[in-house]
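*Asks:* Only the shape, not the letters, is given here:
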């Protein structure tokens, strides 16, 4: 028990619970929908989860520092549209340059957010609520309300979504999904193993202490916003590849979807807790629900959003209740250990020992 | 420590002045820290101690004056620079990151631990540092849930890991029990023997005289004196602090015990405390003594309905009651004055008036539910006079007052509710000598007026001096109730630490 | 020579100056700008959002947020349309719409007050869920052809030059000012917003206050949704989509701290006037609605950034002065 307690924190169990929840939902729909467990279902879900997963990872980095980025939807739309427009004018730009361009564009927009939040000391929700409107406005003005059309885009881009990175038995791992998984893995490693990543948790955990702890908290918050923007830029590229036709309202609502994915995935809205992997699971959970409800014949497809809202609520509620239970068990155990391990009367106060 | 005179000082603050808008926080203050010396800095709240510390740690910059480090003039522009220079501070509330584990908390400020976190090495290094301090903690546990004492140990570990040369300790003992103070002082001694210069700020004279080698007194932002401990007497220091003679430790006067006010039998709450039984009479002060973690506060919270008890019976004024919520307790006439003034006691950014009328706001509402402000203000003014709250106006935000005056506002707030039973949780923590004496006076007057008072305090001399009877708890269990004449420091301490008594205290356990 | 920044540090002062500038510019460049008719039009175009902003002010001062208001507006209006299309008399259909909002409010309150989930999460789910229910009710249909009196209430003046929605707004505004700034309940809202723990430890019924606010919020949103339906003359599943961000912007621009505890109804009123006049002025100057939204976004950020920077500049100036003194002293 002791080693289990040391190795697994309640937060890791939270992720296991999420996985169990996803499996439970899959099994339920498996009994409801004919031919549910097919490679096509996997392809469909993995394709649609890719964009939101990438954006949600960026969102997670920001939320960990007790901030929020509501401008990501506008960044996705902006980069998708502008990159699309540039490509329809010049079809010959190499793919790598296209991706880099999208990422850089997002990073620039993210740096505006970061500058205002970290150095201008304006609350993130105000800044990003503002830039949500501003980025969109700039896009509308630039575009003159025209759309990007699929047939103007280079062929490699239009043909990108069905390209497989590799196959896993009967399952096709699409390149875009693979890209998203790589992003999740990279940032999971970043927050677990880089000092920069650990300091994200520190800042969200106790912002006051972070200010005097002797590490550059402002710069770290700034970088988190830049990365969130950059990942939204990457999401914009993936959005363009997936849909082809891009209007000026593209990506609207992604800001709330990414927050929803992170929150369902156990990222604490008050910072300090959660992980990119959790947010990825959250995105998958929402997407599984979304995709399955459309195919569920028992109810009309118009029930989708209503049930989605309810299920997000239930997921977070059960999660919270279970987490509180677990924390109590952990805390009680800790008390016992310090209690019978080192009675204060003989060896010193709780926590100390002679 | 006679040889310290010949040592090179590490840090010299020379003729420092600092002004904030209208207030001259520091005026021509000098302070010299030597390696291997514990230097106590004392003074009332508002004497300028915090400002001086903040200048040393780079939070503020002095308007005039020089800082010498190893004899070289230095500018400290931010906390990061202070850290690089080997200056670190530990505050009353440890600056801990609750979601990070103990090891990470120790090394969070290090910039030279490589590009990638090597968890194995991190844990090993953290364990080594804690071992150096003789502290046993699981370095893998998140810091959330550590006791205050353990958090301070982590902070000291952090300072050591940074090769600290000057360690500033700002009221580190304010929230610690007597026993934990011993533990802390052992750590301080370890650091001293390793040649660290320690600046110790405290309000408890006993502690200052126990740990310090040299004592510097500030008053109203001015330097008053600085002398080796051997050359100075306690009352002399207190006189210098307050600028006048301070009376002896205040003792409660005898008040005839009134009627039975409340009786509690077998009170318990899962995970907190079990089987607590006592009676409180009108005009009586019942002290609650014990170490930190004795769960005395939990009993107070149960009686006030914040965390209601789940077993046991409470009889209040002869009627059995179940207290399920604070507004319920208030209606009965029970008030609880919290130990956590900032977090739970007062709304810092709101006015004195607003804070005082908060629990009893209904009394100030017109038939339409609007607040009758003139009446509210009259109440505030009367308390300002009665309790001598030092403020230019009752419309001032509470956050702008000194700790002692905040404490009086908090008392006013609850006295205005005209309680029959007043539960005071650490009412003199972190306030200066003069304010402390005033609070003791107030407690005495209230008891004389017939209030029943439960006094929870970790300041043992205070509990013993102020209480008619003392209930001792240890880890959620009631260890006994001592009458005033039997309640000696040793007896109470022995019970609090859970060791066997040689002889049963006569007439100890009631009920 | 010491510039006095204090006027910029006080939000309401800054807003008032800005409002006077905008109204002045509009009045000078557009004849007939300062007529009652023009101002009624001004308000009428966003009246539903303004009504909801009143209750949102309470919620944000209380250190909570309600993201579900726009969806509740849509849901309630659709409920009304659904009941009317099902053959119910219009009066009853309206009552049904209001009831739907009330129930949505109870639902939000339950999760926030009883279960104890953060309001951001609960109302985020509400934002998706109530919108979903609107779609469930009407699918992709649009329902119109309400009784003539209903459309008239939304579109024609009722008393003098003022249509019903504007009158509702004035009544609610006065009520909101009295409750927030002068009543005991308003005091509790501020105290809880500043510190919910202090409030609880002072015997304030924190949970109850929060739950009342969320029920009122959804009910007011339902009323606004129905007024919106009357103005449009039809209801659809996607009506009022995305209004929540505009509403929150109005409140935040009014100087209400997103962290709760500070801000006044007066500030929100000023911010509403600024937004209306700015949009109107820009509309007259042929700027598109999108540009107007963008400018308001800039304004929102500046409203916090300017006082912050003013503070920093002030501190820097003071330091420089101090340094000069030091140099002089040294010489």
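*Replies:* On my side now, so go ahead. Because the structure is predicted, anything quoted here is derived from the model rather than measured.
*Asks:* Residue B:286 - that's part of a helix, no?
*Replies:* No. With DSSP: H, G, I helix; E, B strand; the rest coil as the criterion, residue B:286 is assigned strand and is not in a helix.
*Asks:* Flag the shaky bits of the chain, pLDDT-wise.
*Replies:* Here I'm looking at chain A. In the predicted model, chain A carries pLDDT under 70 at residues A:1-11, A:319, A:326-354.
*Asks:* try chain B instead
*Replies:* B:1-6, B:21-23, B:45-46, B:175, B:242-250, B:292, B:498-511.
*Asks:* On the three-state scheme, the residue of it found nearest chain A is what?
*Replies:* When you check chain B against chain A by C-beta to the nearest C-beta, the closest residue turns out to be residue B:150, at 2.9 Å. (C-beta placed from N, C-alpha, C; glycine too.) Put simply, residue B:150 is helix when judged by three-state DSSP.
*Asks:* Pretty sure it sits against residue B:136.
*Replies:* No. Using C-beta atoms under 8 Å, residue B:150 makes no contact with residue B:136, being 9.8 Å away.
*Asks:* just to revisit the earlier point, could you check how many residues crowd around the residue of chain B closest to chain A?
*Replies:* 25 (other C-beta atoms under 10 Å in any protein chain shown).
*Asks:* if I look at it, how far off is residue B:176?
*Replies:* Separation of residue B:150 from residue B:176 (C-beta to C-beta, to the nearest Å): 11 Å.
*Asks:* Tell me who's in contact with residue B:16.
*Replies:* B:26, B:28-30, B:52, B:55, B:62, B:64-65, B:67 (C-beta atoms under 8 Å, 6 or more residues apart in numbering or on different chains).
*Asks:* Make CSV out of these and add distance to residue C:31 and secondary structure.
*Replies:* Converted to CSV, the contacts of residue B:16 look like this (distance: C-beta to C-beta, whole Å; DSSP: H, G, I helix; E, B strand; the rest coil):
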residue, distance to residue C:31, secondary structure
B:26, 62, strand
B:28, 67, strand
B:29, 67, strand
B:30, 72, strand
B:52, 65, helix
B:55, 62, helix
B:62, 61, coil
B:64, 61, strand
B:65, 64, strand
B:67, 66, strand
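*Asks:* Now render the residues you listed as a markdown table, adding neighbour count.
*Replies:* Shown next, in a markdown table, are the contacts of residue B:16 (neighbours: other C-beta atoms under 10 Å in any protein chain shown):
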| residue | neighbour count |
| --- | --- |
| B:26 | 29 |
| B:28 | 14 |
| B:29 | 26 |
| B:30 | 14 |
| B:52 | 28 |
| B:55 | 24 |
| B:62 | 24 |
| B:64 | 19 |
| B:65 | 17 |
| B:67 | 21 |
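*Asks:* so which of these also contact chain C?
*Replies:* By C-beta under 8 Å from any C-beta of the partner chain, the members of the contacts of residue B:16 lying near chain C are residue B:64.
*Asks:* how about JSON lines for the contacts of residue B:16, with distance to chain A added?
*Replies:* Shown next, in JSON lines, are the contacts of residue B:16 (distance: C-beta to the nearest C-beta, whole Å):
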{"residue": "B:26", "distance to chain A": "20"}
{"residue": "B:28", "distance to chain A": "27"}
{"residue": "B:29", "distance to chain A": "22"}
{"residue": "B:30", "distance to chain A": "25"}
{"residue": "B:52", "distance to chain A": "16"}
{"residue": "B:55", "distance to chain A": "14"}
{"residue": "B:62", "distance to chain A": "18"}
{"residue": "B:64", "distance to chain A": "24"}
{"residue": "B:65", "distance to chain A": "22"}
{"residue": "B:67", "distance to chain A": "18"}
